[in-house]
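S.K.: no sequence on this one, just coordinates:
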C-alpha cells in the first residue's frame, strides 16, 4: 500500500509440493526473446532529491502468451550510468505486491557508493496495475476509511461485518476488472521485467529487490536464468509458503516484534513513564485498544486503526519513538492528538494506497490457492490469536478477499535453481514481515548463493539503511560480483543497526533515518 505504505511490504507462501509448471514460452534454460520491444525514450523527470532521474513508458502484452494481443503500459524510471564502462541495467523493486518503484531507482543510485552506482543504469518501474502504469487498479476507493469494524471478531455480528467487507472488495474487483485480473500475477510481472530488459537492449540484467521483490527476483531467475547477471535479495519471502502460510508465520513474528517495542519502551521509562515491566506495558496497550474500540480517537482511530498504526513499527524501529510518544500521551495524559497524528503519518490510506492494496490483493489471490472455506480461516486464526494476538485478525481481514476472489488460482513457481551466477541474500534474524526462515530456505534453494545475516536485527529492508557492514558486502558484489563464502549455512554475519533513542534525546535526529532507513522504508511501504 502507498501512504499507508509508508513502511514496508511483506510476504506469504505456498504448500510444498504444489508448485506449478512454467508458462508456455518460458523455460529454465533458454527462454525465447519476447516480441521485439519499441525503443525506450527517456525524458527528464528530475526531483529535488533525485536530480538526474529520467522517466519513460513501455508497452507490454497484457497476456505474454498472446504477445500481439491487448497491450498495457509500464511506467519506468532511470538514473543513467556515468562511468565509461557500463555494467548494464540494475532493475530495482520495493516489494508489495503493489509497491511503486519509480523513486526507488533514485534512492538506490544515490545511496550506493558513487563509484558503484556510476557503473549501472538503475531502473525503477511500476509493475502492471501500479501507480503510473496503465491501467492502474483501484477496486474500491475508500475501503480503509476510518472507522472500520474491530478486527477481532469477538461476536458473530463483528465477524459477519468484516466478512461482508472482504466479500464486497473481492466482488468490486471482479466487476471492475474482470478482463484484467487473470493477468495480474507474479509470472506476468516477471515477464514484464524481461520485456524491460529487451527494450533496454541488454542481453543480461542485474536485479535488486526488497520483500515481495525477492520473490519477484527469484521467479525471474527461474524463468530466465541465462539473463541474470547479478541478483540481490533483501528481506526474503519464503517461496514455499505463498501466500496463506506465510501470513500465518508473519502473525507470530509481528507479535514478537510488538513485544520488542514494549521492552524498548520499558528501557526508557524515564521518558515515557509507562513502567519498567514490558508485560505490564503491553497490558496498557491492549487496554488502550479496548478503549479505542468503544470511543475512537478523533473519530478516526479505533481498534483496527490502532493496529494499523503500530504495524509499521514491526517493519522499522525508527518509528518506535513516535509510536511510544503517542502511546504515552494517550495513557498518561488522556491526549489522543499524537495518536491521531501517528495514524495519519503511518497508517491512513490515500488513493495511491487504495491502488497498492488493489494490486496486492489481485496478485496474491491469483498467485496461489487460498482456503475457500471460511471455517478454515476461522480455525487457523483463532489458534494463532491464542498465542500471538497483536495483528492476527488485522492481517486475516487484510487478506480475506482471497477467500472469495473471482478468478481461479495459479500455483507458485518452484524457485530452486542451479543455473545462476553467485547470488547475494540479506536477512535480519528478527524480521517480522519476512521471517528469517524464508532467507534460509532460499539460500538452500539457490545453489551457490551467499547468505549475509544481520544478527539481532528486526527491521525489514536492511541494506542501504545505515548498516555499513551490510552495505559493504552489497557494494562489493555489485562492483565485481564477489560474494562472501564461509562454507557454512551462513556466509557472513553483521551486527544489527543500533535501536533508536527517544526523540527527547540529542541523538533522536540520527536515530530515525538520517542514515537512509526512514527514506527507504517510506519508499518500500508495508503490508505483504
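M.R.: Alright, I've got the coordinates. Computed from a predicted model, the values in this text were never measured in an experiment. Residues are numbered from 1 along each chain as shown.
S.K.: Correct me if wrong: residue 354 contacts residue 142.
M.R.: Yes - with contacts counted by CB atoms under 8 Å, residue 354 reaches residue 142, the gap being 7.2 Å. From N, CA and C alone the C-beta is placed, and that goes for glycine too.
S.K.: neighbour count winner among these two?
M.R.: Remark: of residue 354 and residue 142, residue 354 carries more neighbours, 22 against 9, as counted by other CB atoms under 10 Å.
S.K.: Let me see the contact set for the residue nearest to residue 132 when sequence neighbours are not counted.
M.R.: Nearest residue to residue 132, sequence neighbours excluded (CB to CB, 6 or more residues apart in numbering): residue 75, at 3.6 Å. Residue 75 makes contact with 55, 57, 102, 125, 126, 131, 132, 133, 134, according to CB atoms under 8 Å, 6 or more residues apart in numbering.
S.K.: quick one: which helix or strand includes residue 75?
M.R.: Assigned by DSSP states H and E, residue 75 belongs to strand 71-79.
S.K.: Report all helices and strands that the helix or strand that comes right after that strand contacts.
M.R.: Moving toward the C-terminus from strand 71-79, the next helix or strand (DSSP H and E) is strand 89-93. Strand 89-93 sits against helix 102-111, strand 121-126, helix 186-199, strand 205-210, helix 212-223, with contacts defined as 3 or more CB pairs under 8 Å, 6 or more residues apart in numbering; DSSP states H and E.
S.K.: Quick one: closest of the ones you listed to residue 481.
M.R.: strand 205-210 (9.7 Å; CB to CB).
S.K.: Name the residues that touch the closest one?
M.R.: Residues from elsewhere that reach strand 205-210 (CB under 8 Å, 6+ apart): 8-9, 87-95, 108, 120, 193, 196-197, 216-217, 220-221, 227-235, 461, 478, 524.
S.K.: Then stretch 260-270?
M.R.: 272, 274-279, 281-282, 285, 310, 313-314, 317, 320, 323-324, 327-328, 430, 458, 499, 501-502.
S.K.: Residue 414 - how many residues pack around it?
M.R.: Using other CB under 10 Å, residue 414 is surrounded by 20 other residues.
S.K.: and residue 521, what pLDDT?
M.R.: Note for residue 521: predicted pLDDT of 87.
S.K.: now the helices and strands packed on strand 89-93 in TSV, with distance to residue 422, mean neighbour count and mean pLDDT?
M.R.: Converted to TSV, the helices and strands packed on strand 89-93 look like this (distance: least, CB to CB, whole Å; neighbours: other CB atoms under 10 Å; pLDDT from 0 to 100):
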stretch	distance to residue 422	mean neighbour count	mean pLDDT
helix 102-111	20	24	98
strand 121-126	20	27	98
helix 186-199	20	23	98
strand 205-210	12	27	98
helix 212-223	12	28	98
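S.K.: The ones you listed into CSV, with extra columns for distance to residue 518?
M.R.: Below are these laid out as CSV (distance: least, CB to CB, whole Å):
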stretch, distance to residue 518
helix 102-111, 11
strand 121-126, 19
helix 186-199, 27
strand 205-210, 15
helix 212-223, 19
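S.K.: need the strands for the protein, in chain order.
M.R.: 43-44, 54-61, 71-79, 89-93, 121-126, 205-210, 228-234, 423-428, 450-455, 492-495 (DSSP state E).
S.K.: now those strands in CSV, with distance to residue 253?
M.R.: Formatted as CSV, the strands of the chain follow (distance: least, CB to CB, whole Å):
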stretch, distance to residue 253
strand 43-44, 42
strand 54-61, 35
strand 71-79, 32
strand 89-93, 22
strand 121-126, 28
strand 205-210, 17
strand 228-234, 17
strand 423-428, 11
strand 450-455, 15
strand 492-495, 20
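S.K.: Indicate which one of these is closest to residue 181.
M.R.: strand 71-79 (13.0 Å).
S.K.: Just the buried residues of the closest one, please?
M.R.: Residues 72, 73, 74, 75, 76, 77, 78, 79 are the ones in strand 71-79 that count as buried (16 or more other CB atoms under 10 Å).
S.K.: Repeat that for stretch 267-286.
M.R.: Result for stretch 267-286 [16+ other CB under 10 Å]: buried residues 268, 271, 272, 274, 275, 278, 281, 282, 284, 285.
S.K.: just stretch 55-73 next, same as before
M.R.: In stretch 55-73, counting by 16+ other CB under 10 Å, buried: 55, 56, 57, 58, 60, 61, 62, 64, 67, 72, 73.
S.K.: farthest pair in these?
M.R.: Pairwise distances among the buried residues of stretch 55-73 were taken by CB to CB; the largest, 24.5 Å, belongs to 55 and 67.
S.K.: could you measure residue 525 against residue 360, distance?
M.R.: Separation of residue 525 from residue 360 (CB to CB, to the nearest Å): 10 Å.
S.K.: sorry, back to before: how about the buried residues of stretch 267-286 in JSON lines, adding distance to residue 45?
M.R.: JSON lines is the format used below for the buried residues of stretch 267-286 (distance: CB to CB, whole Å):
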{"residue": "268", "distance to residue 45": "42"}
{"residue": "271", "distance to residue 45": "42"}
{"residue": "272", "distance to residue 45": "43"}
{"residue": "274", "distance to residue 45": "46"}
{"residue": "275", "distance to residue 45": "50"}
{"residue": "278", "distance to residue 45": "47"}
{"residue": "281", "distance to residue 45": "46"}
{"residue": "282", "distance to residue 45": "46"}
{"residue": "284", "distance to residue 45": "47"}
{"residue": "285", "distance to residue 45": "43"}
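S.K.: and residue 172, what is it in contact with?
M.R.: 139, 140.
S.K.: now do 10 Å
M.R.: Each residue near residue 172 by CB atoms under 10 Å, 6 or more residues apart in numbering is listed here: 138, 139, 140, 141, 143, 358, 401, 406.
S.K.: just those residues now: which is nearest residue 51?
M.R.: Nearest member of the contacts of residue 172 to residue 51, counting by CB to CB, is residue 138, at 31.1 Å.
S.K.: Double-check that closest one against residue 349; I have them as touching.
M.R.: No - with contact defined as CB atoms under 10 Å, residue 138 does not reach residue 349; the gap is 11.2 Å.
S.K.: what residues do these two have in common as contacts?
M.R.: Residues touching both residue 138 and residue 349 by CB under 10 Å, 6+ apart: 355, 356, 357.
S.K.: Tell me which helix or strand in this structure has the weakest average pLDDT.
M.R.: Taking mean pLDDT, DSSP states H and E as the measure, helix 508-511 is the helix or strand of the chain with the lowest mean score, a mean of 40.
S.K.: quick one: low-confidence ranges for the stretch 251-400 of the chain?
M.R.: Under the criterion pLDDT under 70, no range of the stretch 251-400 of the chain is flagged.
S.K.: For stretch 480-494, which residues meet the burial criterion?
M.R.: Applying 16+ other CB under 10 Å to stretch 480-494 flags 483, 484, 490, 491, 492, 494 as buried.
S.K.: Identify the residues contacting the third one.
M.R.: Going back to what we said before, that points to residue 490. Residue 490 makes contact with 425, 427, 439, 440, 443, 450, 451, 452, 453, 455, 484, according to CB under 10 Å, 6+ apart.
S.K.: So the second one versus residue 219, what's the distance?
M.R.: Going from residue 427 to residue 219 by CB to CB gives 18 Å.
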